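In: sequence and predicted structure below; questions after.
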Amino acid sequence: MKAAVFDDLSNFQFMLLYGLALSAGIFIVTYYIEIMRQNYLLHNAVIKSDKIEVVSQLAASVSHEVRNPLTVTRGFLQMLKDPTIEEKKRLYYLNTAIDELDRAETIIKDYLNFAKPQSEMDSSICVKEEIEKALELILPYANHFSVNIKKDLMAGMNVAGEAAKLHQCILNIIKNGIEAMPNGGDLVISCREMANNHVSITIEDTGCGMSPQQLAKIGEPYFSTKAEKGTGLGMMVVNKIIHEMGGTVNVKSKLNAGTQFKITLPLYNVEKRET
């Protein structure tokens, strides 16, 4: 039998080709199995890395948002050092500091419940009232930076949403504007009713401004014009909240010439909500 195989050249060639094909097939199958195994391990590593990144972003975002009420609280506590303050004002400062600490706790709870579905936002918010509250809280911080705040607020405009979240957005933008003017300046905030049943909230500063490259990245995680002091997550949170409320955020800025934030929100439709 062996002699017959080697005597016939065609049989020998067939056996050689068969052996080569079988070896090549085993090699290819083994190679693809190894590739699939590596892809599986890489996929698991990417998932793990994404989870770590989400936790990291969440922790940094919580840190950024809690810093706002803590900054306000610190400002009022500093003012309490003045021995000439009237008892009425002293009590007001203490109560406001406690309220801001409570707000910090609320922010932490909101982020801990981040994965839960969004609740229906059907309450009516007075825009002028929320802006006034934010300005009252941020005034000591503005005074520290020698920033003059001017306001032009139209009354009688309501939007649908959660008051605490709108308050948080306004406070974030105002605080960013103040920090963009370390040597002092003017910050103007106004709200107006628009012709298309929307309300516009405009916050404009005379600070350092942003280049077109910086402006294009605003709202991205970890991008900030504050170098190591900023996380970039504040504007990301602002964009998310305003979007959930059915609104938009537009930013205009010029380097060394200031920045303008314009929030546009639909007016609260009372008749539709009541039916």
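Out: Cool, the structure landed.
In: not counting sequence-adjacent ones, nearest residue to residue 185?
Out: Of all residues not flanking residue 185 in the chain, residue 206 sits nearest, at 4.1 Å (C-beta to C-beta, 6 or more residues apart in numbering). Where you see a C-beta, it was placed from the backbone N, CA and C, and this is true even at glycine.
In: which stretches in the stretch 101-250 of the chain count as helices?
Out: Secondary structure of the stretch 101-250 of the chain (DSSP state H, counting those that start in this stretch): helices located at 127-144, 163-179, 212-217, 233-244.
In: picking that back up, the residue nearest to residue 185: how many residues sit nearby?
Out: The number of residues packed near residue 206 is 19, by other C-beta atoms under 10 Å.
In: going forward, begin numbering at 37 instead of 1
Out: Yep, numbering from 37; the last one is residue 242 now.
In: how about it, what does it touch?
Out: For residue 242, the residues meeting the contact criterion (C-beta atoms under 8 Å, 6 or more residues apart in numbering) are 217, 221, 222, 223, 293, 294.
In: domain ranges for this protein, per the record?
Out: Structural domains assigned to the chain are 37-151, 160-310, following automatic domain parsing.
In: least confident of those domains, on average?
Out: With a mean of 74, domain 37-151 has the lowest mean pLDDT of those.
In: of the contacts of residue 242, which pair is most distant in space?
Out: Among the contacts of residue 242, the pair separated by the greatest distance (C-beta to C-beta) is 223 and 293, at 14.3 Å.
In: neighbour count: these two, which is higher?
Out: A side-by-side neighbour count of residue 223 and residue 293, using other C-beta under 10 Å, places residue 223 first with 25 against 11.
In: dump the residue contacts of that one.
Out: Shown in contact with residue 223 (C-beta under 8 Å, 6+ apart): 178, 183-186, 210, 213-214, 217, 239-242.
In: so which bits of stretch 130-137 are buried?
Out: By 16 or more other C-beta atoms under 10 Å, the buried positions in stretch 130-137 come out as 132, 133, 135, 136.
In: ok so, going back, distance check, the residue nearest to residue 221 against residue 130.
Out: Distance from residue 242 to residue 130, counting by C-beta to C-beta, to the nearest Å: 33 Å.
In: export the contacts of residue 223 to JSON lines and tack on distance to residue 116?
Out: Shown next, in JSON lines, are the contacts of residue 223 (distance: C-beta to C-beta, whole Å):
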{"residue": "178", "distance to residue 116": "18"}
{"residue": "183", "distance to residue 116": "22"}
{"residue": "184", "distance to residue 116": "24"}
{"residue": "185", "distance to residue 116": "22"}
{"residue": "186", "distance to residue 116": "27"}
{"residue": "210", "distance to residue 116": "23"}
{"residue": "213", "distance to residue 116": "26"}
{"residue": "214", "distance to residue 116": "21"}
{"residue": "217", "distance to residue 116": "26"}
{"residue": "239", "distance to residue 116": "29"}
{"residue": "240", "distance to residue 116": "32"}
{"residue": "241", "distance to residue 116": "28"}
{"residue": "242", "distance to residue 116": "31"}
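In: got a PyMOL select line for the buried ones in the residues you listed?
Out: In PyMOL, the members of those classed as buried (16+ other C-beta under 10 Å) are selected with the following command:
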select buried, resi 178+183+185+210+213+214+217+239+240+241+242
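In: ok, so of the contacts of residue 223, who is nearest residue 102?
Out: Lowest distance from residue 102 to the contacts of residue 223 (C-beta to C-beta) belongs to residue 210, with 17.0 Å.
In: and the residue lying closest to residue 244 once chain neighbours are set aside, what does it touch?
Out: On the basis of C-beta to C-beta, 6+ apart, the spatially nearest residue to residue 244 that is not a chain neighbour turns out to be residue 216, at 5.3 Å. Each residue near residue 216 by C-beta under 8 Å, 6+ apart is listed here: 241, 243, 244, 245, 261, 294, 295.
In: need phi/psi at the second one.
Out: This points to residue 243. Backbone dihedrals for residue 243, given as degrees, to the nearest 10, come out at phi -80, psi -160.
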